[in-house]
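Peer 1: Need coordinates for the below:
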Amino acid sequence: MLHGWGVNSTVFTPLYESLSQYRVHYVDLPGFGLSQSVEGDIGAWVDILVQSLPANAIWAGWSLGGLVATQAALSYPSYIKGLITIASSPCFMAREDKAWPGIPPHVLSQFSEQLGQNLPRTIERFLAIQAMGSETAKEDIKQLRDLVLSRPLPDTKALSQGLSMLTKVDLRPQLSALQQPWLRVWGRLDGLVPKRVQPQMPTGDQIEDAMLAKASHAPFFSHRDDFLQVFLPWLAIHTR
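Peer 2: Just a heads-up that it's a prediction; the model follows:
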């Protein structure tokens, strides 16, 4: 399981017990948590992750982690058994073409400018945006912050790399090549990956979508039970 920008794999702590029957690798992305940073782009991140993770596994990614997992499924189709993207987009930044819904460019540029000023505050602000819309936003932010700060702060270079991926990477033209079973979980109140993304995504017999009505950008955290009602049955089918 791959986490999002600015955090680390501890964000998946609420899922530990429910997934205990599976062999789960909770991964810190390069330069985050306990992982060393890696030079290069999203392809370099994927290459280093593939080297350390088992073949024939299902890759699940939240937010930026979903983008990385999608790139991995595209780059290593015979290595990755299935794909789960959680509140993730193949193109995070809003684009003029096809009126693609996403994060306004100025928001990402502001985070980039703030990285060198006050790193903890920048990350906390991003957590606040992620929780926005959730009925339990204040509590979610506090719990997320406490979990994230239990490990070292991310490497500034890795944060910049991640922001660059969120800004520049556009996997939309390649999605039709994905043949693996693919579960996509969305939050209807998500402010970073708007619900309007889902109808513009490719469809297929191997693809399943779940839109959680009351969730925002961290559905596995704010609405764990609703999330697991989708996540666990899909896993049960595709891990046989």
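
Peer 1: gap between the strand or helix carrying residue 236 and the chain center?
Peer 2: For residue 236, the host element (DSSP states H and E) is helix 224-238. On the basis of C-alpha atoms, centre = their mean, to the nearest Å, helix 224-238 sits 17 Å off its chain's mean C-alpha point.

Peer 1: same question, stretch 123-142
Peer 2: That offset, for stretch 123-142, works out to 16 Å (C-alpha atoms, centre = their mean).

Peer 1: that older thread, which other helices and strands contact the helix holding residue 236?
Peer 2: Judged by 3 or more C-beta pairs under 8 Å, 6 or more residues apart in numbering; DSSP states H and E, helix 224-238 is in contact with strand 80-86, strand 182-187, strand 207-212, helix 219-222. Backbone N, C-alpha and C define where each C-beta goes, glycine included.

Peer 1: Just want the angle from it to strand 80-86.
Peer 2: Angle, helix 224-238 to strand 80-86, by axes from the mean of the first three to the mean of the last three C-alpha atoms, to 10 degrees: 160 degrees.

Peer 1: Residues in contact with helix 224-238: which ones?
Peer 2: The contact list for helix 224-238 (C-beta atoms under 8 Å, 6 or more residues apart in numbering) reads 14-15, 18, 22, 58, 81-82, 84, 86, 181, 183, 185, 208, 210, 212, 214-215, 219-220.

Peer 1: Just the buried positions in that helix, please.
Peer 2: Using 16 or more other C-beta atoms under 10 Å as the test for burial, helix 224-238 gives 224, 226, 227, 228, 230, 231, 234, 235, 238.

Peer 1: Likewise for stretch 100-107?
Peer 2: Those would be 100, 101, 102, 103, 107, for stretch 100-107 by 16+ other C-beta under 10 Å.

Peer 1: Return the helix holding residue 236 as PDB; C-alpha atoms alone will do.
Peer 2: Extracted C-alpha coordinates of helix 224-238, given in PDB (Å, rounded to 0.1, in the frame of the first residue of the first chain):
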ATOM      1  CA  ARG A 224     -13.200   3.300   7.300                       C
ATOM      2  CA  ASP A 225     -16.200   1.000   7.600                       C
ATOM      3  CA  ASP A 226     -17.700   2.200   4.300                       C
ATOM      4  CA  PHE A 227     -14.300   1.900   2.700                       C
ATOM      5  CA  LEU A 228     -13.800  -1.700   3.900                       C
ATOM      6  CA  GLN A 229     -17.200  -2.700   2.700                       C
ATOM      7  CA  VAL A 230     -15.900  -2.100  -0.800                       C
ATOM      8  CA  PHE A 231     -12.200  -2.900  -0.300                       C
ATOM      9  CA  LEU A 232     -12.500  -6.300   1.500                       C
ATOM     10  CA  PRO A 233     -14.900  -8.100  -0.900                       C
ATOM     11  CA  TRP A 234     -12.800  -6.900  -3.900                       C
ATOM     12  CA  LEU A 235      -9.700  -8.300  -2.300                       C
ATOM     13  CA  ALA A 236     -11.300 -11.600  -1.400                       C
ATOM     14  CA  ILE A 237     -12.200 -12.100  -5.100                       C
ATOM     15  CA  HIS A 238      -8.900 -11.000  -6.600                       C
END
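
Peer 1: tell me the angle of it relative to strand 182-187?
Peer 2: Counting by the same axes, to 10 degrees, helix 224-238 lies at 170 degrees to strand 182-187.

Peer 1: where does the chain have low pLDDT?
Peer 2: Within the chain, the ranges that satisfy pLDDT under 70 run 97-98.

Peer 1: can you do 80?
Peer 2: 96-98, 115-118, 130-134 (pLDDT under 80).

Peer 1: Which parts of it are helices?
Peer 2: Along the chain, counting by DSSP state H, helices occupy 42-52, 64-75, 105-114, 119-131, 137-148, 156-168, 219-222, 224-238.
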